[in-house]
Structures are given as structure tokens and as C-alpha cells.
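Peer 1: Need coordinates for the following:
(one chain, ligands or ions: 2)
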Amino acid sequence: MYAVRYELIKECKQSGARLGRLHTPHGIIETPIFMPVGTQATVKSMTPEELKEIGSQIILSNTYHLYMRPGHELIKKAGGLHEFMQWDKPILTDSGGFQVFSLGPLRKITEEGVEFRSHLDGSRHTITPEKAVEIQTALGSDIMMAFDECAPYPADRDYVKKSLERTTRWLQRCKDAHKNTENQALFGIVQGGMYKDLREQSAREITAIDLPGYAIGGLSVGEPKDIMYDILGHTVQFLPEDKPRYLMGVGSPDDLLEGVIRGVDMFDCVLPTRIARNGTAMTSQGKVVVRNATYAEDFSPLDPECDCYTCRNYTKAYIRHLIKANEILGARLLTIHNLRFLLKLMENVRIAIHEDRLLDFKEEFFKKYYKK
Ligand SMILES: CCOC(=O)Nc1nc2cc3nc(NC)[nH]c3cc2c(=O)[nH]1
Ligand SMILES: [Zn+2]
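Peer 2: Ligands and ions are numbered 1, 2, ... in the order given. Next up is the predicted model:
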């Protein structure tokens with residue numbers, strides 16, 4: 001019996017999209033789903049109540065950051081991440097692999113794991129597959145990610161092949177180290193760069209290790225969108241239908257729709273929260289850079305079609321003022337809106353799949369958001 005079980009509800013007749021339910025120890029998640037990112041045990045500027053009010057079903061937190069500060073032992077003493085941050089719904093923790101690899105020259109990859117220097121104080125650390133599982137076990141997340149190497153882009157074929165094969169060996173070590181399979185699920189991560197044959201090899205090796213879910217890694221790393229969509233479509237073919245598929249680090253509206261259409265069930269991205277803090281909103285009429293002078297005397301809501309707290313109460317002029325004045329409330333109001341926008345988009349996507357009209361929905365959405 002796994003800690004996490006996927007229930008396939010319906011397949012869209014127009015596309016490869018699926019409607020599903022993910023049963024976890026902290027509740028059931030309706031998929032396709034967007035997961036707000038709470039890197040340091042908080043979705044920046046949001047309280048758990050506000051996250052629930054906008055419809056967040058699951059949030060992501062980051063193993064590398066929490067290991068570095070405040071430390072996984074401290075969080076374990078606090079009763080685990082759910083208790084520590086007072087979030088009683090599901091949590092997915094990533095293994096920190098991506099962060100460590102993006103530390104660039106400060107890290108050394110060996111068969112054992114990755115040696116790196118802390119971004120905080122320069123101290124030396126080594127994360128291994130066993131360590132990544134130990135940290136995530138202490139955090140107590142519902143879904144933990146395997147320790148993998150996200151190959152850089154571009155990367156030559158030989159490097160990508162050696163890297164994916166090591167990621168497979170690391171996954172087996174993660175599975176061997178994972179004891180409490182009843183309370184926490186381990187997801188494997190498919191790599192293979194932008195090489196279709198290596199993607200097939202990685203998918204076959206990773207899914208040969210029986211786990212409750214699988215992620216597609218190594219994408220959204222700077223490659224052109226058409227390459228990402230092409231590699232994604234190819235890779236999904238080799239993933240089992242009865243398990244959830246998680247595309248890591250993806251979250252602009254077009255990427256979410258293109259991912260769902262190709263059969264992806266779970267997404268995470270820092271985009272909505274990050275652009276909120278610098279004054280950009282995703283709205284039904286497309287992107288609105290509310291800090292622009294155009295909105296100085298615009299006393300209309302940010303998004304007339306949005307039902308969030310920000311759009312029900314405030315004007316563009318007020319939000320622009322807060323952002324220009326670098327007021328904390330400005331970031332909060334735009335974060336509430338941007339997260340609600342993506343969560344609402346995924347609600348509408350689930351309805352469209354239910355009604356077998358996802359491609360029509362995508363057309364309508366693109367016309368309004370991207371004016372194309
Ligand atoms: C979220 C799971 O993190 C991991 O444990 N490994 C991992 N993380 C990724 C995060 C990514 N973010 C992006 N774009 C913003 N691409 C990503 C790829 C990976 C990955 O391959 N592997
Ligand atoms: Zn809104």
C-alpha cells in the first residue's frame with residue numbers, strides 16, 4: 001500500500017489530458033494541479049488561510065534551503081514541516097538537486113553524491129541520495145523527490161547519457177533508503193536532456209523502479225518552448241497511465257496548457273509569486289505590468305473577471321502606488337492575485353477536460369491572454 005495513490009477519473013477525448021485524484025496522507029488532490037512554491041517553508045507573504053482561500057491544494061517546499069536553514073533536525077523537533085508552518089494539506093519537497101546543481105562551479109558531482117559550498121556561509125556539504133531521503137523524511141512531506149541530476153542546457157549527448165544513468169542508480173539508492181513508504185511517497189525523476197532516445201532510456205529505467213509517481217525533470221532549463229513541448233510529448237509516452245506525472249519547474253499559462261494537453265498532471269513554478277514581487281500581474285486580458293505609469297489613475301480592478309480578494313477590493317492605481325513605494329502589501333496583493341489566477345486556470349482546465357473541450361478552452365484562453 002503506497003502513501004500516495006493516483007485515481008484516473010477521465011481521459012479527454014480531444015487531447016492527451018487527464019482528470020485525476022491523488023490520494024495523500026494529508027488529503028485528496030484534484031489533478032491537473034498547480035503547486036505554489038514555498039521554498040523556505042512559506043509561500044512568500046501568504047498565510048496558510050490565504051492559500052486555502054484561493055484554492056491551493058498542495059504546496060512545494062525546498063529540501064536544500066531547509067537543510068541549510070533552519071536545518072531538518074530542528075524542523076523534525078518542531079513536529080515536521082506541516083506542524084512547523086501550520087499547513088495541514090499535502091506538501092511536496094524537492095530533493096534540492098536542482099538548487100545544488102545551479103550553484104555552478106561551487107559543486108562537485110561524484111558517484112557518491114554532490115559536494116558543494118553553502119550559499120549562506122560557504123561551508124562545505126555533501127548531499128547524497130541517502131541524505132536527501134533522510135532530510136525529506138525528517139521534514140515529513142507527503143511526496144518526496146528522488147535525488148537527481150538536472151543536466152544543464154545545452155549539454156552534449158555523452159554527458160547527458162552518463163548523467164541519466166547515474167540518476168537511475170541514485171534513484172535505486174533513494175528507494176533503498178526510503179523506509180516509511182506508508183506515510184511518504186517517493187517520486188522518481190526522468191532525465192535525458194533534449195535527446196529523444198535518451199529520454200526513452202531514462203523513462204524506461206526510472207519507471208522500471210516501481211514508485212507511486214514520476215516526474216519529468218531536466219526541462220524548463222532555458223530551452224526553446226517548442227523543444228520543451230516536443231521532448232515532453234515524447235517522454236510522456238513511456239510513463240505509466242495509472243501514475244501521476246509531474247513536470248518540474250513549469251508554470252506560465254501557455255506551458256501549463258501545453259503540458260496538460262500532453263498528459264501532465266502536476267506542475268510547480270516560482271513565476272507567479274516572483275513576478276508579483278516585481279509588480280507584474282497575470283490577468284484574463286494578459287500580462288499587466290501594474291507598475292507602469294499608464295495605471296497611475298486607473299481606478300478599475302486589476303482583473304475584472306477575477307474573484308480574488310485583491311480584485312474585489314482594490315484598484316490598479318492603489319496597487320501601483322504600493323509597488324512603487326515598495327510597500328509589502330503590494331507584493332502580497334499581487335501574489336494573492338497571481339496564485340489565484342493560475343489556480344483558477346487549472347480549475348477551468350479540469351472542467352474543460354470533464355466536458356471534452358480542452359482544446360477549445362485553450363483556443364479561447366490564448367486569444368484573450370496572448371492575443372493570438
Ligand atoms: C522539484 C524537484 O526538484 C528536484 O529534486 N530535482 C529537480 N528539480 C528541478 C527543478 C526545475 N525547475 C526548472 N525550471 C524552473 N526545471 C527543473 C528541473 C528539475 C529537475 O530536473 N530535477
Ligand atoms: Zn484577482
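
Peer 1: Quick check: P301 is in a strand.
Peer 2: No - assigned with DSSP: H, G, I helix; E, B strand; the rest coil, P301 falls outside any strand and is coil.

Peer 1: where's it relative to ligand 1, distance?
Peer 2: Look at P301 and ligand 1: by Cβ to the nearest ligand atom, to the nearest Å, they are 30 Å apart. Bear in mind the C-beta positions are built from the backbone N, C-alpha and C, glycine included.

Peer 1: Also S163?
Peer 2: Relative to ligand 1, S163 is positioned 10 Å away (Cβ to the nearest ligand atom).

Peer 1: T273 now?
Peer 2: 13 Å.

Peer 1: Spell out which parts of the protein neighbour ligand 2.
Peer 2: 303, 306, 308, 310-311, 337 (Cβ under 5 Å from the ion).

Peer 1: in stretch 81-94, what counts as buried?
Peer 2: Neighbour-count burial for stretch 81-94, counted by 16 or more other Cβ atoms under 10 Å, picks out 81-82, 84-85, 87, 89-94.

Peer 1: now the end-to-end length of it.
Peer 2: Terminal residues of stretch 81-94 are spaced 13 Å apart (Cα to Cα, to the nearest Å).

Peer 1: can you list the domain ranges for the chain.
Peer 2: Under the assignment the TED database, the domains of the chain span 5-268, 276-370.

Peer 1: For the protein, which element, helix or strand, carries the lowest mean pLDDT?
Peer 2: Within the chain, no helix or strand scores below helix 97-101, which has a mean of 72 by mean pLDDT, DSSP states H and E.

Peer 1: Mind listing what's buried along the helix or strand following that helix?
Peer 2: Along the chain past helix 97-101, the next helix or strand (assigned with DSSP states H and E) turns out to be strand 107-109. Residues of strand 107-109 classed as buried: R107 (neighbour count, 16+ other Cβ under 10 Å).

Peer 1: so how far is strand 107-109 off the chain centroid?
Peer 2: In terms of Cα atoms, centre = their mean, to the nearest Å, the centre of strand 107-109 is set 24 Å apart from its chain centre.

Peer 1: Looking at the buried residues of stretch 81-94, which are in strands?
Peer 2: Per DSSP state E, strands hold the following members of those: 91-94.

Peer 1: Determine which two of these are furthest apart.
Peer 2: Maximum pairwise distance among these (Cβ to Cβ): 10.8 Å, between I91 and D94.

Peer 1: Show me the common contact partners of the two, please.
Peer 2: L60 (Cβ atoms under 8 Å, 6 or more residues apart in numbering).

Peer 1: which SS state does E112 fall under?
Peer 2: Put simply, E112 is coil when judged by three-state DSSP.

Peer 1: who are the neighbours in contact with it?
Peer 2: 126, 128.

Peer 1: do the same with Q285
Peer 2: Q285 makes contact with 303, 368-369, according to Cβ under 8 Å, 6+ apart.

Peer 1: Find me the pLDDT at D254, would you?
Peer 2: At D254, the pLDDT value in this model is 97.

Peer 1: Isn't it up against Y370?
Peer 2: Yes - using Cβ atoms under 8 Å, D254 makes contact with Y370 at a distance of 6.8 Å.

Peer 1: any chance you could map the helices in the stretch 251-372 of the chain?
Peer 2: Taking DSSP state H, counting those that start in this stretch as the test, the helices found in the stretch 251-372 of the chain are 253-261, 271-277, 309-313, 316-324, 328-354, 358-369.

Peer 1: Next: the stretch 51-200 of the chain.
Peer 2: Using DSSP H, counting those that start in this stretch, helices in the stretch 51-200 of the chain cover 63-68, 72-77, 81-85, 97-101, 129-139, 157-177, 196-207.

Peer 1: Lowest average pLDDT across these?
Peer 2: helix 97-101 (a mean of 72).

Peer 1: Out of the buried residues of stretch 81-94, which is nearest to M35?
Peer 2: The closest of those, once distances to M35 are taken by Cβ to Cβ, is L92, at 6.3 Å.

Peer 1: So what sits opposite the closest one in the bridge?
Peer 2: For L92, the beta-bridge partners under DSSP bridges are L60, I143.

Peer 1: who's more crowded, D254 and Y370?
Peer 2: Ranked by neighbour count (other Cβ atoms under 10 Å), D254 and Y370 place D254 first, with 15 against 11.

Peer 1: circling back to that earlier point, can I get the helices of the stretch 51-200 of the chain in a markdown table including distance to L342?
Peer 2: Below are the helices of the stretch 51-200 of the chain laid out as a markdown table (distance: least, Cβ to Cβ, whole Å):
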| stretch | distance to L342 |
| --- | --- |
| helix 63-68 | 22 |
| helix 72-77 | 27 |
| helix 81-85 | 21 |
| helix 97-101 | 20 |
| helix 129-139 | 25 |
| helix 157-177 | 29 |
| helix 196-207 | 27 |
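
Peer 1: Counting neighbours, what do you get for the closest residue to A155 other than its chain neighbours?
Peer 2: Leaving aside its sequence neighbours, A155 sits nearest to G193 (Cβ to Cβ, 6 or more residues apart in numbering; 5.5 Å). Using other Cβ under 10 Å, the number of residues around G193 comes to 26.

Peer 1: Now do the same contact list for G193.
Peer 2: Taking Cβ under 8 Å, 6+ apart as the criterion, G193 is in contact with 151, 153, 155, 157, 160, 163-164, 199, 218.

Peer 1: Just want to check the distance between it and G222.
Peer 2: 12 Å (Cβ to Cβ, to the nearest Å).

Peer 1: Please apply the same query to M68.
Peer 2: Counting by Cβ to Cβ, the separation of M68 from G222 is 25 Å.

Peer 1: And the residue of the stretch 51-200 of the chain that's closest to ligand 2?
Peer 2: Residue nearest to ligand 2 within the stretch 51-200 of the chain: I54 (8.9 Å; Cβ to the ion).
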